[in-house]
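[1] What shape does this take:
(one chain, ligands or ions: 2)
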Amino acid sequence: MAKIVIIMPAYNEAENIGPMITELFDKEFPQIKKADMHLLVVDDFSPDGTGDIVKKYQPKYPNLHLLQKPKEGLGWAYIRGMQYAMSQLQADAVIEMDADFQHPPRFVKNMVAAFLNGADYVIGSRYVKGGSIPKEWEFSRKAVSFFGNLFIRLVLLKPKVHDLTTGFRLTRVKGVLDQIDLNHLMEPSRFAYKVALLYQSIKNAKSTVEVPLEFASRTKEKSKFNPKEMISTFKVAIILGIKDKQKIIKFGMVGFLGYLVNAVALYIFTKLNWPGWAAWGLSTELAILSNFTWNNLWTFKDQQINGVVALVFKFLQFNFTSAGGLLIQVVVGVATDRLIGSQ
Ligand code: GDD
Ligand code: MN
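    Numbering: from 1, shown residues only. Ligands and ions are numbered 1, 2, ... in the order given. Prediction:
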């Protein structure tokens, strides 16, 4: 049976943590028959005694775990929690969830169901049908949440995902979370870690699904979110967005350089009176070689291919793909010529 660990950072949540633990263990987990559900509370030694409350419940619930560490901000609380869930608890999936009932526990089972149906990454989304933000929020707060999200969606070029800043998500460990270098996440002490993690998780996940979340308003204790957190979230989104586009721009430049190499070589070989097929063949091959080299060394530096065998293999493969492109060009060229050219 799959082991699913809910990671719940809690800082000064003395009023919320007890009811949250009992609601999950007594009401929600018993309804989830096909997964082994665990709760890991990450407490930064809250002065209000949040950790002691968790300890009080531990004898009653063997699947309740507590990780205590110095205060380093929200991102680190999740990162340390995830590392603990993977290495100490052998989790198959983790869920990010807040302790303050803004992520109502009744939605956990829907996330788990989506995972058991094969999803690698499940996003609890406020902006899909059935999801919502609190009605009682004032207009300005609603607008910040909605447009902030829309902005990040555009910058990251992720139109298919509707909620990029939600704090309620499930991630499969194998192939998704275990491929992420958690110790070097952007802005790990802030809420912005959410966007950095989402960005990499979506990349790794073969299937990402959104399930509706009715985001509730906080009734007890205070939110730790502030404008600083918001600005750093936008910053992370912009940096990641540019990184993505940088690749497209580099790819285009390499392609243009390949075109120039082709044209100049063809010009020179023709001037040298080479036979047409040789001039055309060699100049094309030089362009392919230029594209391959620059893309490997520059555009896709992060996935650079090293080692002679791998390089030769990839280069041949690249040749075949390029040849496929050329073949299409030739076929289309000949066909067009037949149709409208030489009548
Ligand atoms: N251990 C630990 N350390 N927990 C923390 C810390 C920290 O430094 N800061 C916050 N938390 C805990 C809180 O106790 C709560 O359980 C949860 O993290 C979320 O904190 P809130 O202060 O309630 O955040 P919010 O409701 O304003 O923000 C939520 O919505 C944002 C926008 O959708 C969170 O879900 C964010 O992750 C989300 O981006
Ligand atoms: Mn909250």
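
[2] For residue 128, grab the count of nearby residues.
    Taking other CB atoms under 10 Å as the criterion, the count of residues near residue 128 is 17. Quick note: C-beta positions are derived from backbone N, CA and C, even for glycine.

[3] typed the wrong thing, it's residue 102
    As a burial measure, residue 102 scores 20 neighbours (other CB under 10 Å).

[4] and it, which of the three is it?
    Using DSSP: H, G, I helix; E, B strand; the rest coil as the criterion, the local structure at residue 102 reads coil.

[5] and the closest residue to it other than its chain neighbours, what is it in contact with?
    Nearest residue to residue 102 in three dimensions, chain neighbours excluded: residue 216, at 5.1 Å (CB to CB, 6 or more residues apart in numbering). The contact partners of residue 216, taken as CB atoms under 8 Å, 6 or more residues apart in numbering, are 101, 102, 103, 104, 134.

[6] I'd like the residues you listed as a markdown table, with distance to residue 244 and pLDDT appended.
    A markdown table is the format used below for those (distance: CB to CB, whole Å; pLDDT from 0 to 100):
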| residue | distance to residue 244 | pLDDT |
| --- | --- | --- |
| 101 | 36 | 96 |
| 102 | 30 | 95 |
| 103 | 29 | 97 |
| 104 | 34 | 96 |
| 134 | 32 | 92 |
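
[7] Just the buried ones from those residues, in ChimeraX syntax?
    This is the ChimeraX syntax for the buried subset of these, where burial follows 16 or more other CB atoms under 10 Å:
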select :101,102,103,134
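
[8] Helix or strand: which one has the nearest residue to residue 57 once chain neighbours are set aside?
    The shortest distance from residue 57 to any residue that is not its chain neighbour, by CB to CB, 6+ apart, is 5.1 Å, and that residue is residue 21. Take DSSP states H and E as the rule and residue 21 turns out to sit in helix 14-22.

[9] ok, and what's touching that helix?
    8, 10, 13, 39, 41, 46, 48-50, 53-54, 57, 61, 64, 99-101, 105, 220-221.

[10] just stretch 186-203 next, same as before
    Under the criterion CB under 8 Å, 6+ apart, residues 72-76, 78-79, 121, 123, 152, 156, 158, 161, 164-167, 169, 171, 176-177, 179-180, 185, 208, 225, 228-229, 232-233, 235-237, 239-240 lie in contact with stretch 186-203.

[11] These also near ligand 1: which ones?
    With the criterion set as CB under 6 Å from any ligand atom, the members of the contacts of stretch 186-203 near ligand 1 are 73, 74, 165, 166, 167, 225.

[12] So the fifth one is in contact with residue 103, correct?
    Yes. In terms of CB atoms under 8 Å, residue 167 counts as a neighbour of residue 103; the distance is 6.8 Å.

[13] Report the contact partners of residue 126.
    When contacts are counted by CB under 8 Å, 6+ apart, residue 126 is found next to 132, 133, 145, 163, 166, 212, 213, 214, 215.

[14] Farthest-apart pair in those residues, please.
    145 and 212 (15.6 Å; CB to CB).

[15] Neighbour count: those two, which is higher?
    Legend: neighbour count by other CB under 10 Å for residue 145 and residue 212, higher for residue 145 (19 against 16).

[16] All the strands of the stretch 201-343 of the chain, in order from the start?
    Using DSSP state E, counting those that start in this stretch, the strands assigned to the stretch 201-343 of the chain run over residues 208-212.

[17] what does it put close to ligand 1?
    Listed as neighbours of ligand 1 in the stretch 201-343 of the chain under the rule CB under 6 Å from any ligand atom: 223, 224, 225.

[18] sec struct for residue 36, please.
    With three-state DSSP as the basis, residue 36 sits in strand.

[19] Could you report the neighbour count for residue 326?
    Neighbouring residues of residue 326 were enumerated by other CB under 10 Å; the total is 13.

[20] And residue 285, by the same measure?
    The criterion is other CB under 10 Å. On that basis, residue 285 has 14 neighbouring residues.

[21] average model confidence for the helix or strand hosting residue 51?
    For residue 51, the element it lies in under DSSP H and E is helix 50-57. Helix 50-57 shows a mean pLDDT of 98.

[22] go on, stretch 328-337?
    For stretch 328-337, mean pLDDT rounds to 71.

[23] Give the residues shared as contacts by residue 167 and residue 103.
    With contacts defined as CB under 8 Å, 6+ apart, the residues shared by residue 167 and residue 103 are residue 97.

[24] hey, where'd the helices end up in the stretch 151-300 of the chain?
    With DSSP state H, counting those that start in this stretch as the definition, the stretch 151-300 of the chain shows helices at residue ranges 193-204, 227-271, 276-294.
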